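S.K.: with the input below, show me the fold.
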Amino acid sequence: MPLSINFAVTIFESKIYVLGGEGLKGVIVQSVEAYDPVVNSWKEVGTFAKPKRNHASCSINGKLWSCGGASSLLDAKSSNELVLVNELF
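M.R.: Take a look at the predicted model:
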């Protein structure tokens, strides 16, 4: 997993998912990455339609969700967007 801050993280289907966040030099990323502890490796499994940081994620009834967040460094207000993440991969 690349160095990142302000991301969301959730355990889903026995893997750890890291969603969005800010990468190097404050670039907001769109990636959804999963860590599989069985094979001890990270893999990019999908991308958001737009970059996302400072958001929340959760797993409910077999679905991985992301909500809120901002898509720019200038946008201090969180969106009211709700995304069904596991449909991205």
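S.K.: what's Leu24 sitting at in phi/psi?
M.R.: phi -60, psi 140 (degrees, to the nearest 10).
S.K.: Lys43 contacts Ser31, doesn't it?
M.R.: No: contact status for Lys43 versus Ser31: not in contact, 10.5 Å apart, counting by C-beta atoms under 8 Å. Yep, even glycine has a C-beta here, placed from its N, CA and C like the rest.
S.K.: middle-most residue in this structure, spatially?
M.R.: Nearest to the geometric centre of the chain sits Leu19, at 1.0 Å (C-alpha atoms, centre = their mean).
S.K.: contacting residues around that one?
M.R.: Leu19 makes contact with 7-10, 31-33, 48, 52, 55, 57, 66, 85, according to C-beta atoms under 8 Å, 6 or more residues apart in numbering.
S.K.: compute the number of surrounding residues for Val39.
M.R.: By the criterion of other C-beta atoms under 10 Å, Val39 has 8 neighbours.
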